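# Structure here, sequence nowhere to be found:
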């Protein structure tokens, strides 16, 4: 009897917890998060499939080289700055002045590392493109678009932790959807006319530019950073 009564009490508590407003609110938030994340992944997957289907094997090899080298530049430029920004920012994000100083310092460090990564990776990128059959002019064009996309992602890499620390998950996902949708749209338009590695890298760069401008314009203003230091547009 005691065990049966305890089971009934447990079931009643579970039903009460499931029907509580807090549980329903978290369920709604989680469902929305997973739905938006699924949209982002679907758009990214569609971009990848379109590039694989549209580019010939020789051009896809160049795209793989360019994309890998750009990822290497981003990794070298970050060098743990994003992780440190989240770790330290988690303690000072409510202090607008100190958090602003932290973001400005992270931006400055990322630029220094970016100069080093560009100096080391760019010659290697150009050589690998040439080795895989690209002409000098085509290699230079692809390299220019890789550097353009890398330039636009510098600010994004520092600004991403800002809305995360402010728990603005929906805004992060909305910006990701905007960037992925723009890239897919540009690739579809280019596919109807002319699509190669240079155009694919340019589409990615323009999507990064849109994402960066959106993050700069919607990021909370912090006392330790001025618009001139936050905005790195040419």
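Here it is on my side, so go on. Computed from a predicted model, the values in this text were never measured in an experiment.
# Next up, identify which helix or strand the closest residue to residue 40 other than its chain neighbours is on.
Excluding its sequence neighbours, the residue lying closest to residue 40 (CB to CB, 6 or more residues apart in numbering) is residue 176, at 4.8 Å. C-beta: built from backbone N, CA, C; applies to glycine. Assessed by DSSP states H and E, residue 176 sits inside helix 169-193.
# now that helix, how far from the chain's geometric center?
12 Å (CA atoms, centre = their mean, to the nearest Å).
# tell me which residues of it are tucked away?
Across helix 169-193, burial judged by 16 or more other CB atoms under 10 Å covers 171-173, 175-184, 186-187, 190-191.
# which ones are touching residue 200?
Residues counted as contacts of residue 200 (CB atoms under 8 Å, 6 or more residues apart in numbering) are 51, 55, 63, 187, 190.
# Make JSON lines from those residues and add pLDDT and distance to residue 45 to it.
Below are these laid out as JSON lines (pLDDT from 0 to 100; distance: CB to CB, whole Å):
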{"residue": "51", "pLDDT": "90", "distance to residue 45": "11"}
{"residue": "55", "pLDDT": "88", "distance to residue 45": "16"}
{"residue": "63", "pLDDT": "93", "distance to residue 45": "16"}
{"residue": "187", "pLDDT": "90", "distance to residue 45": "13"}
{"residue": "190", "pLDDT": "88", "distance to residue 45": "18"}
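# Quick check: the farthest pair among the residues you listed?
Farthest apart among these by CB to CB are 63 and 190. That separation is 12.9 Å.
# How about residue 210: what's its closest non-neighbour residue?
Sequence neighbours aside, residue 182 is the residue nearest to residue 210 in space, at 5.4 Å (criterion: CB to CB, 6+ apart).
# do you know how far that neighbour is from residue 146?
The gap separating residue 182 from residue 146 is 18 Å, by CB to CB, to the nearest Å.
# where in this structure is pLDDT low?
Within the chain, the segments meeting pLDDT under 70 span 1-29, 33, 163-169, 211-234.
# for the lengthiest helix in it, packing partners?
The residue-count maximum for a helix in the chain (DSSP state H) belongs to helix 96-131. In terms of contacts (3 or more CB pairs under 8 Å, 6 or more residues apart in numbering; DSSP states H and E), helix 96-131 is packed against helix 57-78, helix 81-92, helix 136-159, helix 227-230.
# Tell me which of those helices sits most buried.
helix 136-159 (a mean of 20; mean count of other CB atoms under 10 Å).
# packing partners for that one?
Short answer (3+ CB pairs under 8 Å, 6+ apart): helix 136-159 packs on helix 57-78, helix 81-92, helix 96-131, helix 197-218.
# So for residue 153, which of the ones you listed sits nearest?
Minimum separation from residue 153 across those (CB to CB) falls at helix 197-218, 5.1 Å.
# picking up where we left off before, of all the helices and strands packed on helix 96-131, which lies closest to residue 101?
Nearest to residue 101 among these is helix 81-92 (8.8 Å), distances taken as CB to CB.
# Please enumerate residues in contact with the closest one?
By CB under 8 Å, 6+ apart, helix 81-92 touches 98-99, 102-103, 106, 109-110, 113, 157-158, 160-162, 164-165.
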